[in-house]
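*Asks:* have a look at this prediction, sequence included:
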Amino acid sequence: MSCKHKLIIGISGASGIVYGIRALFLLRQYDIESHLIVTRNALTVLRQEVGITKTNLYKLADKTYSFRDIGAKISSGSYLNDGMLIAPCSIRTMSEIAAGITSSLMTRAADVTLKEKRTLVLMVRETPLHIGHLRKMIELTEMGAIIMPPVPAYYMHPKTVDDIINYTVIRALNLFRIKNIGEEFCWSGMVSEHIYCK
């Protein structure tokens, strides 16, 4: 029986797609199996923000799924994994998860993650937030999700935007408590080049 760690990575249609891409790079670096779901709107953002193809994005993951495939194995609670990270997470995706709408594989997998008491981390990308957004975040937190907007940290004295991206994604992945991903990094602008997303 394999004991390899497995994470579901969702990329939805919000600005900040580089966070999901960097998460896939890091999981590969640390030999953690990645299961990727990408929404249709995310593919539009992919072209606008980073200019890579869907094919090249999918090559970063160990396994990929159509967001329409609600019968995929990751939609079942019997498929064991360490949880799910949605990076970035659009307000629409967040709201559907909060409402229990499971009409896509993204929201179905998130719903299963919650019901199985596994870790669900949502890197919600929106600002400013109105009270409806905040109420949905409270509901999700009460259900067991972790709301983690990708807020830059400056106490590690980043030298580049890449430093900020790496730090933020490592912080998100550390929430799964698989292992201390990124512990060898020096947060004074000296980020390992092998994780740079070209």
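*Replies:* Yep, that arrived.
*Asks:* what lines up beside the strand or helix carrying residue 120 in the sheet?
*Replies:* Counting by DSSP states H and E, the element that carries residue 120 is strand 119-124. According to DSSP bridges, strand 119-124 forms sheet pairs with strand 83-89 (parallel), strand 146-147 (parallel).
*Asks:* contacts for the longest one?
*Replies:* By C-beta atoms under 8 Å, 6 or more residues apart in numbering, the list of residues contacting strand 83-89 from outside reads 7-12, 14-17, 19-20, 23, 93, 106, 109-110, 113, 118-125, 150, 169, 172-173, 176. In short, each C-beta sits where N, CA and C put it, glycine included.
*Asks:* ok, then the element right after that strand?
*Replies:* Next element after strand 83-89 (DSSP H and E): helix 91-99.
*Asks:* starting at the chain centroid, how far to that following helix?
*Replies:* 15 Å (C-alpha atoms, centre = their mean, to the nearest Å).
*Asks:* restricting to C-alpha, output that helix in CSV.
*Replies:* The C-alpha trace of helix 91-99 is given here as CSV (Å, rounded to 0.1, in the frame of the first residue of the first chain):
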residue,chain,number,x,y,z
ILE,A,91,-15.7,34.5,-4.8
ARG,A,92,-18.1,32.4,-6.9
THR,A,93,-16.3,29.1,-6.0
MET,A,94,-16.1,30.1,-2.4
SER,A,95,-19.9,30.9,-2.3
GLU,A,96,-20.9,27.7,-4.0
ILE,A,97,-18.9,25.7,-1.5
ALA,A,98,-20.5,27.6,1.4
ALA,A,99,-23.9,26.9,-0.1
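*Asks:* and the angle for that helix with strand 83-89?
*Replies:* Helix 91-99 runs at 140 degrees relative to strand 83-89, counting by axes from the mean of the first three to the mean of the last three C-alpha atoms, to 10 degrees.
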